[in-house]
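Colleague: here you go, sequence then predicted model.
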Amino acid sequence: MVNDGTFGCSCAGNILFVSGIWPILSMNTFLKITGPKMDLWLVKTVGIILAVIGAVLIFAYVNTEVNLSIILLAIGSALSLAIVEFMALRYLAGKKLKHEGHHTCTRFAHLDLLSKSCVPAHV
């Protein structure tokens with residue numbers, strides 16, 4: 001299989017689209033898995049942005065229009081989200097939060113960070 005970036009864009013598109021629409025469709029399940037959030041409007045705003053980026057990547061893959069711009073969108077999105085999550089994990093570690101869901105949230109964040117860091121490797 002030739003790695004021309006299309007497979008990575010397809011994976012990134014699906015991950016971003018599902019991640020983006022999840023809090024919009026079911027905020028309760030999103031919060032149960034990821035932990036409590038202070039600003040739910042911000043969660044939904046970021047979700048919409050991620051869903052749009054994911055939809056563009058999926059559209060480009062389906063229509064075989066994956067070009068350098070689309071590949072850079074996939075890589076840039078994955079790397080920027082990974083950086084934000086890394087900074088959030090450092091912040092949480094510094095705060096040493098002691099609420100009940102912290103360990104679950106941290107484990108989920110580590111898995112999410114790992115999944116996003118793998119996407120650029122496939123592009």
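Modeller: Right, received. Where do you want to start?
Colleague: and Trp22, what element?
Modeller: helix 6-25 (DSSP states H and E).
Colleague: looking just at contacts, which helices and strands does that helix meet?
Modeller: Secondary-structure packing of helix 6-25 (3 or more C-beta pairs under 8 Å, 6 or more residues apart in numbering; DSSP states H and E): helix 27-34, helix 40-62, helix 68-95, helix 102-122. Quick note: C-beta positions are derived from backbone N, CA and C, even for glycine.
Colleague: any idea how far Ile83 is from the residue nearest the centre of the chain?
Modeller: Closest to where the C-alpha atoms of the chain average out (C-alpha atoms, centre = their mean) is Leu16, at 5.1 Å. Computed with C-beta to C-beta, to the nearest Å, the distance linking Leu16 and Ile83 is 15 Å.
Colleague: low-confidence stretches in this protein?
Modeller: The chain contains residues with pLDDT under 70 at 1-5, 95-123.
Colleague: go with 50
Modeller: Low-confidence regions of the chain, defined by pLDDT under 50, span residues 1-2, 100-104, 120-123.
Colleague: now what about stretch 40-57, what contacts it?
Modeller: 9-10, 12-24, 27, 30, 37, 70, 73-74, 77, 81 (C-beta atoms under 8 Å, 6 or more residues apart in numbering).
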